[in-house]
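> Coordinates for the following, if possible.
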Amino acid sequence: MKPSSATETAAARARGSQIGLVPVEVRPAAPDHDVVGDRVLVAVQAVNISRLSTHPVPIVPGTLIVVAGAGPKDSNGAGKSSFIAMITALLGDEQWRFASGAKAVAELLFNAELAAGGGAGTWASADHGYIVGVFAPPGSVDDAVTVWLRVNQEAPHLEIRVTPGIRLAAAPSEAERVALADEVWASLPRSAGRRDVVARDLTRFLYGDRVRCVSFLSTSVRSKVATNLLSQPLNEISPERVFEAIAALTGLDAELDQEREARRDEHARRVRATRAAELLTDFEEESRALLSTFDRRDRARVRLAGAMRSWRGRLARRLADAARRDEALAAELERLREAGGRAAEAIETVKAEIATLRDDSLERSLAGARRELAALQARAAKLDADRAVAENAADELRARVPGLEERRRLADGRDVAAAETELERARVVLNEALKALGVADREVDEAKAALDDAEGGPAAAQLDALAAAGLRATGLLDAIDVAEQARDEEAVADHAVGALLAARGWPQEHAVIVDAADLPEAARTLATLPGSVLVSAAGITVVGSFEAVATGREARIKAAEQRLHRARDVQEAAAEAVRTAEDGMAEAARRLEGARAAVRLADVERRLAERREVLTGLVEALAETAPQVAEAEREVAALDFRARTRSMEIERLEGRRARHETERDQAAEQAAKVRSDRDALALDAMAADWGGTVAGAGEWLEALGEDERPLTAEEWWRAAERHLDEALRGTFPGDDEEMPEELRFLIRERTEPGAGRTAREQATFPGVCAALASYLRGQEEYERHQRRQIETQLETRRRDLSAAAKGAEEAAQSTAVHRAALTAAVKARLARVAEEFERLDLAYGGYGATLDFPVPPAPADPEQRWAWRVTPRWRRGEGQGYVPYNRRANTALMDEKAVKLVCAAAIASSGGGHLCLVLDELGRNLGKEHRREAVALFRRIGETYGITVIGALQDDMEPYAVDACGQYVKLRRSSDAMPYNEPPVVIGHDRHAERVRALSAAVSR
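Predicted coordinates:
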């Protein structure tokens, strides 16, 4: 056994040392899910948590850690339960109800009332505190993270922040560490961006979906104390309590509580649905009689409304009939008035016409009309002639357009200036080509002459060239008069002449004699005649060079022929250039002609547009003049006709005037009679009875259906009387004690027998209807209010019943679904525990073990918890059958199976990750002779499966646990006057010495 940290002594305290960790750089935590990951808890620090000291406590993972205590009297009061409860809260034990805010965690804070009596008046209760845990990968502290849980007295009761590395509150004293904890918390980054992660997200944020802690706690800070399988002999625990213990370890108790809550909710909703149905039935029976009376009065109101409607139908029909009669009389009166007016107007018209006919203005009008007709006809003739001229001019211009358009296309888009420029350039090119052709022609002529000379005599070409240049010359052979046959033998005094004459052929035949002063000019002149020889006093000069060796006359002819050929080639090229230039000249001329045609075409189009505009104006003027001429002709004809028939018209008009006077007198007599008939109708009195206008009565009748529209006034009256009787019977079915006195008087008056009853009934009908309507109107508001109340109550109660029935049905379905899912989950979890129980028993000296867990029926009582039964069973020998746990057996076997069952439940809850099993009062009921073996079994199972088992000890268990545990933690408080513990004693046991030293260096000084 090797110590991993030393006990803090008084001397060390005097030196200012304390158990703390080295602060590191704070970096924001990036992930927001499963921040801890595969790391394990390696250190824990409490600040303002119960009486616990603020010194960090190292944790050796994967082994058995026992927590002992030394209080003022015994181990009680040292804070063992608070220490292990703090660790379960840090590791996310679901029994703290994190989803509901984990309010119970706040009970772990330091409470002055529970502190020692001596300091109760000095110390104050803490409103917040911190639970700090350091998590690191197994075997290393390099990639550690520190989790800070702030525990608050008020909501939120838990806040979480995480920082990389090891970051604890390290200071010389308790007070400084408490103050430093607040500073460290303020410097840590918020875990959820702008806010902190709170209790409901603790498990997901820190550990993802994995279970990191299961526990058996028997402390007052827990809302529910689960059954501890190690607190008493296993065979004394009932199968129901065994299941509760396994459920607490595996997290099934929360799901069972949810199922019970679902059954409670279902029962409550069914009770509400039944009560709602009963209330609805009672209320319907109570309101049915009252509604029957209201309905009868509503029908009476309908009948009364029908009676009044029929009465108004009678009034409307009478008014409408009288109105139609009045309209007919009015129309007749208007017709008579119009007839009289027309007769009077006709008389005046006839008189005016007679006066007009007798006036001599007709002749003057006829003469003026004829003059106007002549002027209009002359103007129309002139416009027509101008139109013909304009049409001819337009036709001529239009005929010139196609030819000009055809010639305009020759311009290829060029204007006149560009075309003239191109023509001038083409003319210059043609002149140059013609000049070159002339030069070539002369060259050909000269070459032909030279050829002729070469072929006709010696030095002919040279002499001609020199003569043309104005130089005097003579042929050598012509100057020397020697016989042909003697030229070769005769001696010549001059050595040069003799040498020249010594040979025959080329030199003699092409040699000419020139003056010595003219020799350079003659050489230049004969430069185009290669082979020429110039003889002078200065000597002999040969001009030019030969393409071949000159051999007399043949060479001269050949040279002349070559010159002629070259001259003809140049002549042909010059002729081709002339033809090309002539073509260009012709093309430029055509383009110039096209450009000028375009100018002429634009002018023609402009003139044509002007002619068209003039023609359009002439046509419009003719169109305007034609109706005027026709009107003038018609007016002349009419005036002429009137002039011819004036006398006859005057006689006819006198007869018409007499007839119109007779019609006027008759219309006046008939109008007086019609006015008398209209006054007798009394239409205003009928309209007053109707209470509206005649138009309103007509509209009212028109709005009726096809069956009511033809009814007469008498038929409307019979219907009104029938409806009124039914309304009276409906309002007062039997006893008429409720009938008002006024209504009773009117009914008695209208029902008296005797003559004129119908008239009395019609006279009293409006009064009876008004009195009955007043009575029903007085009752209507009360009935409407009562009906609204009843309808509102019915609607509310039916809605409540529907909602309650629907809620009960949904609750039943939800409960059934939840129960089915819970059944599958419980069976799967218990099967997993049974498998681990079997594996542990076989691995640690047993012969095999299992669990029996039949599915119980759901309880009928909604308050009763769904009680499952789990019966542990194991083999007592090889090949034997399973024996139930409550059979008689030795104590050691019971203790061993209890430890294995607890570990199996813990392993089944871990999901394959690192798990921490926290046990309060470890082995309190184990037999003294078997305690050391049971505790050692916890350590072996923990180290084998990577489970950290943390157990709080009573005094009698400490000697056995110290020898068997992997780490020993002792909490100390020497006096009740001390509110906080002394520094803890921590002794670690680990097979890996390097790991122990690294952990010790990281968490202690």
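> Pull the number of nearby residues for residue 421.
Other residues near residue 421 come to 13 when the count uses other CB atoms under 10 Å. All C-beta atoms are positioned from the backbone trio N, CA, C, and that covers glycine.
> Report the separation between it and residue 902.
120 Å (CB to CB, to the nearest Å).
> tell me the pLDDT at the residue nearest the centre of the chain?
Nearest to the geometric centre of the chain sits residue 193, at 27.8 Å (CA atoms, centre = their mean). Note on residue 193: pLDDT of 74.
> Tell me how far it lies from residue 201.
Distance, residue 193 to residue 201, using CB to CB: 13 Å.
> ditto for residue 327
Taken as CB to CB, the span from residue 327 to residue 201 is 89 Å.
> So the two - more neighbours on which side?
Neighbours of residue 327 and residue 201, each counted by other CB under 10 Å, are more numerous for residue 201; the result is 18 against 12.
> Could I get the contacting residues of the more buried one?
For residue 201, the residues meeting the contact criterion (CB atoms under 8 Å, 6 or more residues apart in numbering) are 160, 192.
> Please apply the same query to residue 246.
Here residue 246 is in contact with 252, 830, 833, 870, 901, 905 (CB under 8 Å, 6+ apart).
> now swap in residue 387 and tell me
Residue 387 sits next to 615, 618-619, 622 when contact means CB under 8 Å, 6+ apart.
> Out of those residues, flag the one nearest to residue 257.
Relative to residue 257, the closest of the contacts of residue 387 is residue 619; by CB to CB it sits at 108.4 Å.
> The closest one in helix, strand or coil?
Counting by DSSP: H, G, I helix; E, B strand; the rest coil, the backbone at residue 619 sits in helix.
> Just the element for the closest residue to it other than its chain neighbours, please.
Closest residue in space to residue 619, ignoring its immediate chain neighbours: residue 387 at 6.5 Å, by CB to CB, 6 or more residues apart in numbering. Of the helices and strands defined by DSSP states H and E, residue 387 is found in helix 361-408.
> what's the distance between residue 723 and residue 769?
From residue 723 over to residue 769 (counting by CB to CB), the distance is 10 Å.
> residues bridging contact with the two, i.e. touching both?
When contacts are counted by CB under 8 Å, 6+ apart, the set common to residue 723 and residue 769 consists of 304, 307.
> CA-only coordinates of stretch 428-437 in PDB, if you can.
What follows is stretch 428-437, C-alpha atoms only, in PDB (Å, rounded to 0.1, in the frame of the first residue of the first chain):
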ATOM      1  CA  VAL A 428      -6.200  59.200-113.900                       C
ATOM      2  CA  VAL A 429      -5.500  55.400-113.800                       C
ATOM      3  CA  LEU A 430      -6.700  55.100-117.400                       C
ATOM      4  CA  ASN A 431      -4.600  58.000-118.600                       C
ATOM      5  CA  GLU A 432      -1.500  56.500-117.000                       C
ATOM      6  CA  ALA A 433      -2.300  53.100-118.500                       C
ATOM      7  CA  LEU A 434      -2.800  54.700-122.000                       C
ATOM      8  CA  LYS A 435       0.600  56.500-121.600                       C
ATOM      9  CA  ALA A 436       2.300  53.300-120.700                       C
ATOM     10  CA  LEU A 437       0.600  51.600-123.700                       C
END
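> which stretches of the stretch 451-600 of the chain form strands?
In the stretch 451-600 of the chain, the segments counted as strands under DSSP state E, counting those that start in this stretch are 473-475, 511-514, 532-536, 539-543.
> Repeat that for the stretch 201-350 of the chain.
Using DSSP E, counting those that start in this stretch, strands in the stretch 201-350 of the chain cover 213-216.
> low-scoring stretches of it, by residue?
Judged by pLDDT under 70, the stretch 201-350 of the chain has its weakly predicted residues at 209, 216, 218-233, 235, 251-254, 258-259.
> in it, which spans are helices?
202-207, 239-250, 252-357 (DSSP state H, counting those that start in this stretch).
> Let's have those helices in TSV, adding distance to residue 40.
Rendered in TSV, the data for those read as follows (distance: least, CB to CB, whole Å):
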stretch	distance to residue 40
helix 202-207	11
helix 239-250	20
helix 252-357	25
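> Could I get the average pLDDT for the helix or strand hosting residue 942?
The secondary structure element spanning residue 942 is helix 931-945 (assigned by DSSP H and E). Computed over helix 931-945, the mean pLDDT rounds to 71.
> Quick check: which helices or strands does that helix pack against?
Helix 931-945 is packed against strand 64-70, helix 891-910, strand 947-952, helix 958-964, with contacts defined by 3 or more CB pairs under 8 Å, 6 or more residues apart in numbering; DSSP states H and E.
> other SSEs contacting the second one?
Identification of packing neighbours for helix 891-910 by 3+ CB pairs under 8 Å, 6+ apart yields strand 213-216, helix 239-250, helix 757-843, strand 849-852, strand 871-874, strand 915-919, helix 931-945, strand 947-952.
> So for it, what gets flagged as buried?
The neighbour-count check on helix 891-910 (16 or more other CB atoms under 10 Å) flags 891, 893-910 as buried.
> now swap in stretch 384-391 and tell me
Within stretch 384-391, the residues that qualify as buried are 386-387, 390, counting by 16+ other CB under 10 Å.
> Who are the contact partners of the closest residue to residue 584 other than its chain neighbours?
Beyond its immediate neighbours in the sequence, the residue positioned closest to residue 584 (CB to CB, 6+ apart) is residue 426, lying 4.4 Å away. Residues touching residue 426, when contacts are defined by CB under 8 Å, 6+ apart, comprise 581, 584-585, 587-588.
> got the residue ranges for the helices in the stretch 451-600 of the chain?
Assignment of helices within the stretch 451-600 of the chain using DSSP H, counting those that start in this stretch yields the ranges 460-469, 476-479, 495-501, 506-510, 519-525, 553-681.
> Out of those, name the one with the poorest average pLDDT.
The stretch with the lowest mean pLDDT among the helices of the stretch 451-600 of the chain is helix 495-501, at a mean of 44.
> and residue 84, what is it in contact with?
Applying CB under 8 Å, 6+ apart, one finds that residue 84 lies in contact with 67, 215, 217, 918-920, 950-952.
> What of residue 837?
Residue 837 makes contacts with 849-851, 872, 900-901, 904, as judged by CB under 8 Å, 6+ apart.
> Could you single out the nearest of those residues to residue 349?
The shortest distance between residue 349 and any of the contacts of residue 837, using CB to CB, involves residue 851 and amounts to 130.3 Å.
> So which bits of stretch 255-266 are buried?
255-256, 259-260, 262-263, 265-266.
> Sorry, wrong one. I was asking about stretch 778-795.
Within stretch 778-795, the residues scored as buried using 16+ other CB under 10 Å are 779-780, 783, 787, 790, 793.
> what sits up against it?
Contacting residues not belonging to stretch 778-795 are listed as 280, 283-284, 287, 290-291, 294, 297-298, 301 [CB under 8 Å, 6+ apart].
> Show the buried residues in those residues.
280, 283, 287, 291, 294, 297-298, 301.
> from these, which is closest to residue 670?
Using CB to CB, residue 301 is the member of the buried ones among the contacts of stretch 778-795 that sits closest to residue 670, with 52.0 Å.
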